[in-house]
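1. Output the structure for:
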Amino acid sequence: MRIDFYEMSGRFTDPVEVAGVLVGKAFPATADIAVVGGRRQLEALDARLWEKPDKRFLPHGIDDATAPIRLVDTAPETAELLINLDAEAELPAGSYQRVLEIVPPDEQARKRLRRRWLDWKSRGADLHHHLLK
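-> Below is the predicted model:
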């Protein structure tokens, strides 16, 4: 399983915005996407996916198991792509082709996500780091 950590810096300050861009890039080539986050994050992402990208529809829903892009507070058992916005979330035990971990500029969250890196590594995941500037 491939795990990509997207570390925010520079002009990237909003994890919801980063998640929205990543969802837009992944869909429709990846038609089974789950985004895990807190309720406020999910509501903000829901609003963002209606507005951006311009002239494109991204079929999504909060707690809608039938939507191609599911916005959920707990990781599902399976998804082609899992995007994690919640640094506090438990490491999911499900089956995913790829996981994207969003690392916000907050130092406390970064510490928790460093621990997630080690946890994923102990599971034998193929880890990758991307610095967003």
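2. And the average pLDDT for stretch 103-123 is what?
-> The average pLDDT for stretch 103-123 rounds to 95.
3. swap in stretch 31-49?
-> The model assigns stretch 31-49 a mean pLDDT of 97.
4. All further residue positions should be reported with the first residue as 41.
-> Okay, using 41 as the starting number, the last item reads as stretch 71-89.
5. Quick one: end-to-end distance for that stretch.
-> 15 Å (Cα to Cα, to the nearest Å).
6. Buried ones in it, by neighbour count?
-> 72-77, 81-82, 84-86, 88-89 (16 or more other Cβ atoms under 10 Å). In short, each C-beta sits where N, CA and C put it, glycine included.
7. Would you check which pair of the residues you listed lies furthest apart?
-> Spatial extent of the buried residues of stretch 71-89 (Cβ to Cβ) is set by the pair D72 and A84 at 22.2 Å.
8. Now the nearest residue to H169 once chain neighbours are set aside: which helix or strand?
-> For H169, ignoring the flanking residues on the chain, the nearest one in space by Cβ to Cβ, 6 or more residues apart in numbering is F45 at 5.1 Å. Counting by DSSP states H and E, the element that carries F45 is strand 42-48.
9. Isn't R51 up against P145?
-> No. Using Cβ atoms under 8 Å, R51 is not in contact with P145; the gap is 10.8 Å.
10. between those two, who's got more neighbours?
-> Taking other Cβ atoms under 10 Å, R51 and P145 do not tie; P145 has more neighbours (15 against 9).
11. so what's the more buried one up against?
-> Counting by Cβ atoms under 8 Å, 6 or more residues apart in numbering, P145 touches M48, S49, F52, T53.
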